[in-house]
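*Asks:* Turn this into a structure:
(one chain, ligands or ions: 1)
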Amino acid sequence: MTKYIFVTGGVTSSLGKGIIAASLAKLLQARGYKVTIQKFDPYINIDPGTLNPYEHGECYVTEDGAETDLDLGHYERFLNVPTSQANNVTTGRIYQHVIQQEREGAYLGKTVQVIPHITDEIKRRMQLLGESNEYDIIITELGGTVGDIESLPFVEAVRQLRWELGANNSLVIHLTLVPYLAAAGELKTKPTQHSVKTLLEYGVQPDILVCRTEHKLSQEIRKKLAQFCNVNINAVVESIDASTIYDVPLLMLKENLDKTALTKLKLSNKNEPDLENWKNFLGKLKNPTSEVCIALVGKYVELPDAYKSIIEGFIHAGATNECKVKVSYIAAESVTKENVAEKLKGMDGVLVAPGFGERGLDGKLNAIKYVRENNVPFFGICLGMQCSVIEFGRNVLGLKDANSFEMDANTSNPVINLMEEQKNITNMGGTMRLGAYDCEIKKGTKAFAIYGKTKISERHRHRYEFNNDYLKQYEAAGMIASGFNPETGLVEIVELKNHPFFVAGQFHPELKSTVANPHPLFVSFVAAALANKKSK
Ligand code: GLN
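*Replies:* Numbers count the residues shown, from 1 in each chain. Presented below is the predicted three-dimensional model:
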């Protein structure tokens, strides 16, 4: 029987529920259990696909094309197991389903209410991934903070589900903050007591408290938390600030979080966790033998969460190269023809980020022109790839108004065009080219040298594409298409022939980089940046 672990958050948001959930899952996986994690978000959007990255950070895309919360990225990076549409559910999706059922007459004669109809639908979704018996344990992270009006139906669903699942088949972990008051020189337990009290009012007694803290929890503090929150003292888990999120599984292991959870679920904890590969990775991450500076040119640079997966991709690739990757965020809008050399001075490689809309376009083009002409390693992702095509069109092919249809629908040279299947789409949500698509790589290209094979699959999230009417012209001038979609002929990768490293993909490689499988494009790009640095 599948067992369920629920993770709630108290006191404040941003405590890192996703990292705690992923770390616990990692430990359970390392002990031989099959685990998956899902996230339930209380907001009304159907999915985060229509949100500006400034709202909730990056939108993470799964293999099956779901636009999801960035925590799913952590789950995949830690577990190396793909997630899917079913792993992220929002209030919007729950209501959409219930309202549609109501229109279809599924509740004829009845008043449709939050309880039981909404909570029933939440419970159904919470158990969906358990139906296949594929997993021993399913961890469900509840977004938001306990006490929020909007998360109430989710907490109520957890209460009901615990009762339905019966003793020993589920547990609740409450992640909370134990703040340190510098003036008093003390850690404070009261906010935790209050947030547990709120949970208790809703009928949910947490089994384990994971306490975010900047200082070690003394035995005395642990005892106080245990006593006032009705938990065993060994169920008070310290989660102290870590230098990297990849330390957290080991910190949780030290605190016996996995053992305590398994004991409560009456599951064996005999198998010691096999974390050898994880520790190897950490060893390399923490003992780099070199360092490179990479510029990330984008328009959401004030909020690093907007580029979460890219940053993590660099961390994985850095460890593989035993090299510290220092990423400098450069606001695309600030890069001009005049200052580009100064802005990119000291950079060993330049990445132009994904994005939407015109803001920052010129800056991206200026950066690309500079790296193309000065042999600086370049890596373009999605809009970054489209920009490299526009830049080449304008400055090498002499197509002065070369542009993307997204930026200028009236250009006479739409080198990046709206995809045929996008032309009649009017709804914005979930309608881009989303999820995994095959790509065939041409032998003898840089892309082939990087991937070492001709058949790959990568995840997408875009509406526009390389306009194949221009392909011959581009290839004759030295920008070649080295990867294609085998069914549609869409160009998926472009690269420059006479450049040490100029590779750009229409897809998002960052979404597939994990600790166990660092992405080859990131690994090669970092290696190229390192080579560039050494040659200086
Ligand atoms: N805005 C571009 C498009 O829709 C690129 C999207 C992206 O970078 N993810 O095609």
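
*Asks:* What pLDDT is listed against the closest residue in space to Glu150 that isn't next to it in sequence?
*Replies:* Nearest non-adjacent residue to Glu150, counting by CB to CB, 6 or more residues apart in numbering: Pro42, 4.1 Å away. Using the backbone N, CA and C atoms, a C-beta is placed for each residue, glycine as well. At Pro42, the model reports a pLDDT of 95.

*Asks:* Pull the number of nearby residues for Pro42.
*Replies:* Residues contacting Pro42 under the criterion other CB atoms under 10 Å number 20.

*Asks:* quick one: it and Val155 touch, right?
*Replies:* No: counting by CB atoms under 8 Å, Pro42 sits too far from Val155 to count as a contact (9.8 Å).

*Asks:* Please identify every residue contacting each of the two.
*Replies:* By CB atoms under 8 Å, 6 or more residues apart in numbering, Pro42 and Val155 have these common neighbours: Leu142.

*Asks:* picking that back up, how near is the residue nearest to Glu150 to Ser535?
*Replies:* To Ser535, Pro42 is 52 Å away according to CB to CB, to the nearest Å.

*Asks:* repeat for Asp207
*Replies:* Applying CB to CB, the value for Asp207 to Ser535 is 57 Å.

*Asks:* So these two - more neighbours on which side?
*Replies:* When Asp207 and Ser535 are compared for neighbours, Asp207 comes out ahead with 21 against 9, by other CB under 10 Å.

*Asks:* dump the residue contacts of the residue nearest to that one when sequence neighbours are not counted.
*Replies:* Using CB to CB, 6+ apart and skipping residues adjacent in sequence, the residue nearest Asp207 is Leu171, 4.2 Å away. Leu171 is in contact with Tyr4, Ile5, Phe6, Asp207, Ile208, Ala261, Lys264, Leu265, counting by CB under 8 Å, 6+ apart.

*Asks:* Quick check: closest non-adjacent residue to the second one.
*Replies:* If I follow you right, that is Ile5. Spatially, and ignoring its direct neighbours in sequence, Ile5 is nearest to Ile139 (4.6 Å; CB to CB, 6+ apart).

*Asks:* Is the one you found bridged to anything, and to what?
*Replies:* Going by DSSP bridges, Ile139 is paired in beta bridges with Ile5, Ile37.

*Asks:* Would you mind measuring from the residue nearest to Asp207 to Asp136?
*Replies:* On the measure of CB to CB, Leu171 and Asp136 end up 14 Å apart.

*Asks:* same thing with Lys188?
*Replies:* According to CB to CB, Lys188 and Asp136 sit 37 Å apart.

*Asks:* Of those two, which one has the most company?
*Replies:* Neighbour tally, Lys188 and Asp136, criterion other CB under 10 Å: the higher count belongs to Asp136, 18 against 14.

*Asks:* on contacts alone, who are the packing partners of the helix or strand of the chain with the lowest mean pLDDT?
*Replies:* Sorting the helices and strands of the chain by mean pLDDT, DSSP states H and E puts helix 53-56 at the bottom, at a mean of 84. For helix 53-56, there is no helix or strand it packs on, judged by 3 or more CB pairs under 8 Å, 6 or more residues apart in numbering; DSSP states H and E.

*Asks:* Quick check: what element follows it along the chain?
*Replies:* Counting by DSSP states H and E, the element after helix 53-56 in chain order, helix or strand, is strand 60-61.

*Asks:* what about the helix or strand following that next one and the ligand, touching?
*Replies:* Per DSSP H and E, the first helix or strand lying C-terminal to strand 60-61 is strand 67-68. No: for strand 67-68 and the ligand, the contact criterion (CB under 6 Å from any ligand atom) is not met; the two come no nearer than 10.7 Å.

*Asks:* the helices in the stretch 301-450 of the chain, which residues?
*Replies:* Secondary structure of the stretch 301-450 of the chain, counting by DSSP state H, counting those that start in this stretch: helices at 308-320, 340-343, 361-373, 383-395, 446-451.

*Asks:* Show the contacting residues for Gly452.
*Replies:* Gly452 sits next to Pro520 when contact means CB under 8 Å, 6+ apart.

*Asks:* pLDDT at it, what is it?
*Replies:* If you check Gly452, the pLDDT there is 97.

*Asks:* of all the helices of the stretch 301-450 of the chain, which lies closest to the ligand?
*Replies:* When the helices of the stretch 301-450 of the chain are ranked by distance to the ligand, counting by CB to the nearest ligand atom, first place goes to helix 383-395 at 3.5 Å.

*Asks:* Tell me which residues of that closest one come out buried.
*Replies:* For helix 383-395, the neighbour count (16 or more other CB atoms under 10 Å) marks 383-395 as buried.

*Asks:* For Ile137, what are phi and psi?
*Replies:* The phi and psi values for Ile137, taken as degrees, to the nearest 10, are phi -140, psi 130.

*Asks:* cool, Ala476 as well?
*Replies:* Ala476 adopts backbone torsions of phi -60, psi -30, taken as degrees, to the nearest 10.

*Asks:* Give me the pLDDT for it.
*Replies:* Predicted confidence (pLDDT) for Ala476: 98.

*Asks:* Check what pLDDT the residue nearest to Lys299 when sequence neighbours are not counted gets.
*Replies:* In space, and not counting its chain neighbours, Lys299 is closest to Gly360: 3.9 Å by CB to CB, 6+ apart. In this model, Gly360 is scored at 94, pLDDT.

*Asks:* wait, Gly360 sits on Ile330?
*Replies:* No: counting by CB under 8 Å, Ile330 is not a contact partner of Gly360; they are 10.0 Å apart.

*Asks:* list the residues that contact both of these two?
*Replies:* Counting by CB under 8 Å, 6+ apart, the common neighbours of Gly360 and Ile330 are Gly298.

*Asks:* ok, Ala402 - contacts?
*Replies:* Contact partners of Ala402, counting by CB under 8 Å, 6+ apart, are Val389, Ile390, Gly393, Arg394, Thr411, Asn413, Val415.

*Asks:* ok, now how distant is the fourth one from Leu282?
*Replies:* So that's Arg394. Applying CB to CB to Arg394 and Leu282 gives a distance of 45 Å.

*Asks:* The first one now?
*Replies:* Going from Val389 to Leu282 by CB to CB gives 39 Å.

*Asks:* Grab the CA positions of stretch 69-86 and hand them over as CSV.
*Replies:* C-alpha atoms of stretch 69-86 as CSV (Å, rounded to 0.1, in the frame of the first residue of the first chain):
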residue,chain,number,x,y,z
ASP,A,69,5.8,25.3,-10.1
LEU,A,70,9.6,25.5,-9.8
ASP,A,71,9.6,23.1,-6.9
LEU,A,72,9.1,20.3,-9.4
GLY,A,73,12.5,21.2,-10.8
HIS,A,74,14.0,20.5,-7.4
TYR,A,75,12.2,17.2,-7.2
GLU,A,76,13.6,16.1,-10.5
ARG,A,77,17.1,17.4,-9.9
PHE,A,78,17.2,15.5,-6.6
LEU,A,79,15.5,12.3,-7.6
ASN,A,80,16.4,12.1,-11.2
VAL,A,81,12.9,10.8,-11.9
PRO,A,82,10.6,12.8,-14.2
THR,A,83,7.4,14.4,-12.9
SER,A,84,4.2,14.9,-14.9
GLN,A,85,1.0,16.8,-15.2
ALA,A,86,-0.3,15.0,-12.1
